[in-house]
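S.K.: just coords:
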């Protein structure tokens, strides 16, 4: 739940306003902005305890524990892991059976995502010094990656592409995917996406039991080196708990967008861009900034007019009412200062010459430049990843990428001469730290 | 505490053997190796509660809470933050007052570390597609980094260089360092290293209160975007708690080395290399692997003979006895399989033609190649970072580097034509996910 519910509720009438209006000139602006942005995930002891139990059970009993939990939480009645595995042939079949338009759209998106991520591949490098000493860095893919895909209504094939393709491009040897099938409901688009993305094994399991199975390994599920992908509070809690045993991606907060408009983009377009963020869930955040008050009024009018035409009207209304805002700022400089203050997951620069803004934007997960670059294009098929740092964490983290599925090893190869020179320096510093075995180990390599 | 204490204790006589002998041929090898490698940090509820209290106090009271905690835990009696700040001039003075030999060694190490890390700087990139759409990735340094440096006996100037120089090379605008001064004892080498590394502010605070101050900001201590550096259990627990608010580096386990020898390196050198790891602390791990049993015997003899000559004999004896091992393997292939199984923090390839091993080594934090490349050289001055993934986490993580102080933003700039083409794909996929506001936002950009 958003922490905004109470503060907004306290400061306004019962019914939520369609969307809050703020101005950077207001004396209370900083305070209102902080309240709007404030977000802390629920930390619930009951969830923690339940997750700890499931993790311990899977660690101890392996497959049997996974089967029990799956039957219970997903309301199935299987008696072996066999019934929870999907073959590569099954994935291929899902892809081939899709309607032609969906098949082509999915393949086109996968291809574009692959091309973009190919550019992220770093190379190993080495250099040799005058005395023959070689230093360098070796880049190696992970042996095995695990992709968590939520089941039910939040099952997004685009997420399968965005999580698995970078792993595949990185050269990961084996990609394992888990996706729960509550009540036995399988999402064919998700399986088709797994086929396209190069997933090796799919297990139809979910929740903390799936995270445990991938982190510890079971008789059937191979232990992975890193787990990525979104999930509910049980999944997030389990990921946090196994962090260290395996790598994990960031634990994501609700999705958000900051749109900056110079007043010259069609208000209907901007309203729909805000809706596309808000329709994710009630906690999603959509903010528009402009220095043109008439334009903000026009966008607000478009919002009111278009809201009733939305399939997810209720969710959007709640999201915009609780966490959305139209913010009046002074000028471009003021807008840039807001961008860097908020460090948004998605930044839409709906302005002329967006290139001229780029140098000044320091913190944003993805930057959508110009009036034509709707965020939705990036969500599906532009190429860059849609897994992005949320809640201001773009200050210090990056989009999911090929680099998340590789790691580096330092290379040091000292020549006899190089070791002698370095040995003298190391000896002095080691003795300064009272680590005399370090010093003596270095001194053995000093030429007499 | 090492979890090995009990298992080793149970399976052998009361007095620890100097070092365990294993063979990959033993039926129980896998089991014994697992017991040897097994490591879990203590998770103590009392520590957690104490840390939570300190974090909450600093978040609420800022400087006042930091001063109270510092007076209490470091046995000081200051009444303002002024007394806990060191100026750049003070750091410079510490450097200039060092004995010449130490000053030169420190400067030489700093210079080499800087040169190596300069090579890690990634560039931003962009590419343009046929229809004019531009995609890319922009690399930006963090605004502010916080470096934690332990006080007292574990205060290592080399750690200051290794943590702060990558941040400086990355282009971080402001580098904040904290180092406690228990009983008012200041380590001049640490301050000198801070001067060389480009640290902007030093606060003489430590523990959970220092982590809280950097994560939340106080009236005096600026809020940072990422906190790196080693610390005790209070510091590690506090870092884990503020993760998400700020970035953190890995929470390190005990340091370890795996040495592989082909039998042709001087046994005394190898014994000292193992000691240099073991002298860090009782939980440190030093393992030697060779296919030459006579050589292993000779190294064991050297260990017994040299042990009494060590300043830190007691620590080394405990470390080798509880967590060390000399392992007999079959051949090179068997040794490589052990390397990848263990994924060591430090790997020393004390063999002929170590280059020929490199392609097969998939998991290691740093690889020290050849008989001359003692790990100690890398600890201080070879150039690569000495902050490395421990406890097998080299399977999925990397040495600390420039990349830890930068983040990426995706760039998407669709041309009118590009948006139209992508809009059609996005529309189909969004409707497949029942996200119709996404679809409509994309459809607005399709040319009629």
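M.R.: Thanks, I have the structure now. The structure displayed is predicted, hence computed values, not measured ones. Residues are numbered from 1 along each chain as shown, chains lettered A, B, ... in the order given.
S.K.: Quick check: phi and psi at the nearest residue to residue A:342 once chain neighbours are set aside.
M.R.: With Cβ to Cβ, 6 or more residues apart in numbering or on different chains as the measure, residue A:258 is the residue that lies nearest to residue A:342, at 5.6 Å, once sequence neighbours are left out. Using the backbone N, CA and C atoms, a C-beta is placed for each residue, glycine as well. According to degrees, to the nearest 10, the main-chain angles of residue A:258 amount to phi -120, psi 120.
S.K.: Run through the residues that contact residue A:258.
M.R.: A:287, A:288, A:289, A:338, A:339, A:342, A:344, A:346, A:347, A:348, A:364 (Cβ atoms under 8 Å, 6 or more residues apart in numbering or on different chains).
S.K.: and with 6 Å instead?
M.R.: By Cβ atoms under 6 Å, 6 or more residues apart in numbering or on different chains, the contact list for residue A:258 reads A:287, A:342, A:344, A:347.
S.K.: cool, residue A:448 as well?
M.R.: For residue A:448, no contacting residues are found, by Cβ under 6 Å, 6+ apart.
S.K.: Would you verify that it is located in a strand?
M.R.: No: the assignment for residue A:448, made by DSSP: H, G, I helix; E, B strand; the rest coil, is coil rather than a strand.
S.K.: can you redo the contacts of residue A:258 as CSV with distance to residue B:283, pLDDT and secondary structure?
M.R.: Putting the contacts of residue A:258 into CSV (distance: Cβ to Cβ, whole Å; pLDDT from 0 to 100; DSSP: H, G, I helix; E, B strand; the rest coil) gives the following:
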residue, distance to residue B:283, pLDDT, secondary structure
A:287, 49, 98, strand
A:342, 43, 97, helix
A:344, 43, 98, coil
A:347, 46, 98, strand
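S.K.: Scan these and report the most crowded one.
M.R.: Across these, neighbour numbers were computed from other Cβ atoms under 10 Å in any protein chain shown; residue A:344 holds the maximum, 30 neighbours.
S.K.: Now do the same for the closest residue to that one other than its chain neighbours: its pLDDT.
M.R.: Nearest residue to residue A:344, sequence neighbours excluded (Cβ to Cβ, 6+ apart): residue A:258, at 3.8 Å. Confidence per residue is given as pLDDT, and for residue A:258 that number is 98.
S.K.: swap in residue A:147?
M.R.: Reading off the model, residue A:147 has pLDDT 97.
S.K.: What's opposite it in the beta bridge?
M.R.: residue A:177, residue A:228 (DSSP bridges).
S.K.: what's around it, how many residues?
M.R.: 25.
S.K.: ok, now which ones touch it?
M.R.: Shown here is residue A:147, whose contacts under the criterion Cβ under 6 Å, 6+ apart are A:163, A:164, A:177, A:229.
S.K.: again, but for residue A:380
M.R.: A:109, A:158, B:426, B:429.
S.K.: picking up where we left off before, among the contacts of residue A:258, which one sits closest to chain B?
M.R.: Distance to chain B, by Cβ to the nearest Cβ, is smallest for residue A:347 among the contacts of residue A:258, at 8.1 Å.
S.K.: In three-state terms, how would the nearest residue to the closest one once chain neighbours are set aside be classified?
M.R.: Leaving aside its sequence neighbours, residue A:347 sits nearest to residue A:364 (Cβ to Cβ, 6+ apart; 4.0 Å). With three-state DSSP as the basis, the three-state label of residue A:364 is coil.
S.K.: Give me the number of neighbouring residues for residue A:364.
M.R.: 28.
S.K.: So it sits against residue A:394, correct?
M.R.: Yes: contact status for residue A:364 versus residue A:394: in contact at 5.5 Å, counting by Cβ atoms under 6 Å.
S.K.: Would you convert the contacts of residue A:147 into a markdown table that also reports pLDDT and neighbour count?
M.R.: Output for the contacts of residue A:147, formatted as a markdown table (pLDDT from 0 to 100; neighbours: other Cβ atoms under 10 Å in any protein chain shown):
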| residue | pLDDT | neighbour count |
| --- | --- | --- |
| A:163 | 97 | 29 |
| A:164 | 98 | 29 |
| A:177 | 98 | 29 |
| A:229 | 94 | 26 |
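S.K.: re the thing from before, bridging across strands, which residues link to the residue nearest to residue A:344?
M.R.: residue A:287, residue A:347.
S.K.: how far away is it from residue A:107?
M.R.: Taking Cβ to Cβ, to the nearest Å as the criterion, residue A:258 is separated from residue A:107 by 32 Å.
S.K.: What number of residues are in the vicinity of residue A:213?
M.R.: Here the neighbour count serves as a burial measure; for residue A:213 (other Cβ under 10 Å) it reads 32.
S.K.: Look at residue A:13 and report its pLDDT.
M.R.: Looking at residue A:13, the pLDDT reads 41.
S.K.: Write out the residues of the stretch 201-350 of chain A neighbouring chain B.
M.R.: Neighbours of chain B within the stretch 201-350 of chain A, by Cβ under 6 Å from any Cβ of the partner chain: A:225, A:226, A:247, A:269, A:272, A:273, A:275, A:276, A:279, A:310, A:311.
S.K.: quick check: mean pLDDT across the strand or helix carrying the third one?
M.R.: Think residue A:247. Using DSSP states H and E, residue A:247 falls within strand A:247-248. Strand A:247-248 shows a mean pLDDT of 94.
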